[in-house]
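> no letters, just coordinates:
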């Protein structure tokens, strides 16, 4: 398959992944800036392999569960969830909040596993498999803290700052504001954000460090309503969070897999060559 055609197929899949109810053919063609006939050929090919289906009533095209199945199968075979779930469950029980595992898939940071500690009342939750916002989430900030300021800024500018109205009232809008949060995370040893990712929420995160390279290859976080996850609660939970991160860092197979996924070792070898 030609590189240009493959890129269009992947763009199409990513577009449909963001619209669970599907999209009409014309909207797909307009979004991808390709002729309607070209979009129809791509969709027909994906339909033939059962990765996409067309709703017979609305005519909309949507992804089947086949891509999700592949992703889940890959995670299962990697051992990431099996190895980490008991650690996440324990931290969720200790905190009574949502605990998530994010992995570095350079230059992205993706949530791949979670445990919910809140049994009643206010619950904060988020979809797995989504890319973390580097500038507003504790997950993103703590990873940026493991990098140089130059690389951190480069990654955030590549992803983009969250537009006004799509993040919390304390979300950083400038590079100095972003670097201030990053510096605080470096000094503290973990990230803490309050109403940056979304209004009424707070979160904290610590990096999972590869035992040999010293690179951050993922992180573990606690997130919840800001009315409950206060600074006092943050201080109480910090030792538990750091212990969970240290435990995950010490698991050899998990660390090796995440290090390979992040691509950091390969990039460093190229830079030092």
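Thanks, I have the structure now. What you are looking at is a predicted structure, and each value in this text was computed from that prediction instead of being measured. Residues are numbered from 1 along each chain as shown.
> every contact and neighbour count from this point should use C-alpha atoms.
Noted.
> chain center to the helix or strand harbouring residue 45: distance?
In the assignment (DSSP states H and E), residue 45 maps to helix 36-48. Shown here is helix 36-48, whose average C-alpha point lies 30 Å from the average C-alpha point of the whole chain (CA atoms, centre = their mean, to the nearest Å).
> how about residues contacting it?
9, 25, 26, 28, 29, 30, 52, 53, 54, 61 (CA atoms under 8 Å, 6 or more residues apart in numbering).
> for residue 188, the count of nearby residues, please.
By the measure other CA atoms under 10 Å, the count of residues near residue 188 is 12.
> got phi/psi on it?
Note on residue 188: backbone dihedrals following degrees, to the nearest 10 are phi -80, psi -30.
> if we can go back for a sec, buried sites along the helix holding residue 45?
Along helix 36-48, these residues count as buried under the neighbour rule (16 or more other CA atoms under 10 Å): 39, 43, 44, 46, 47.
> any weak-confidence spans in the stretch 1-150 of the chain?
Scanning the stretch 1-150 of the chain for pLDDT under 70 picks out 1-3, 72, 74-82, 119-129.
> go with 80
Across the stretch 1-150 of the chain, the stretches falling below the confidence threshold (pLDDT under 80) are 1-3, 65, 68-83, 118-129.
> that one: helices as residue ranges?
In the stretch 1-150 of the chain, helices defined by DSSP state H, counting those that start in this stretch lie at 3-17, 25-32, 36-48, 66-78, 80-95, 138-145, 149-159, listed in chain order.
> residues in contact with the fifth one?
In this structure, residues lying in contact with helix 80-95 by CA under 8 Å, 6+ apart are 75-76, 98-101, 112-118, 222, 237, 240-241, 244, 247-248, 251, 254.
> buried residues, stretch 100-112. List them.
Neighbour-count burial for stretch 100-112, with 16+ other CA under 10 Å as criterion, is recorded at 100, 101, 102, 103, 104, 105, 108, 109, 110, 111, 112.
> quick check: the gap between the fifth one and residue 208.
Taken as CA to CA, to the nearest Å, the spacing of residue 104 relative to residue 208 amounts to 10 Å.
> any common contacting residues for those two?
216, 217, 218.
> any idea how far stretch 49-62 is from the chain center?
Between the mean C-alpha point of stretch 49-62 and the mean C-alpha point of its chain there is a distance of 27 Å (CA atoms, centre = their mean).
> end-to-end on that stretch?
End-to-end distance of stretch 49-62: 13 Å, with CA to CA as the criterion.
> just to revisit the earlier point, Serialize the shared contacts of residue 104 and residue 208 to CSV and add fields for pLDDT, neighbour count and distance to residue 5.
What follows is those, written out as CSV (pLDDT from 0 to 100; neighbours: other CA atoms under 10 Å; distance: CA to CA, whole Å):
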residue, pLDDT, neighbour count, distance to residue 5
216, 92, 26, 35
217, 90, 30, 32
218, 92, 29, 32
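> one step back: quick one, which of the helices of the stretch 1-150 of the chain gets closest to residue 185.
Go through those one by one with CA to CA and the one that ends up closest to residue 185 is helix 138-145, at 6.0 Å.
> name the helices or strands packed onto the closest one?
helix 149-159, helix 175-188, strand 191-194, strand 201-209, strand 216-225 (3 or more CA pairs under 8 Å, 6 or more residues apart in numbering; DSSP states H and E).
> chain center to the longest one, what's the gap?
Okay, so that is helix 175-188. Taking mean C-alpha positions (CA atoms, centre = their mean), helix 175-188 and its chain are 20 Å apart.
> check which helices and strands it sits against.
Secondary-structure packing of helix 175-188 (3+ CA pairs under 8 Å, 6+ apart): helix 138-145, strand 191-194.
> TSV please, covering those and showing mean neighbour count and distance to residue 130.
Formatted as TSV, the entries for these read as follows, by neighbours: other CA atoms under 10 Å; distance: least, CA to CA, whole Å:
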stretch	mean neighbour count	distance to residue 130
helix 138-145	29	12
strand 191-194	25	19
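> arrange those in TSV, one row each, with distance to residue 181 as further columns.
Listed next are the helices and strands packed on helix 175-188 as TSV, based on distance: least, CA to CA, whole Å:
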stretch	distance to residue 181
helix 138-145	7
strand 191-194	8
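> tell me which of those sits nearest to residue 167.
strand 191-194 (11.3 Å).
> give the rounded mean pLDDT of that closest one.
Mean pLDDT, taken over the full extent of strand 191-194, equals 98.
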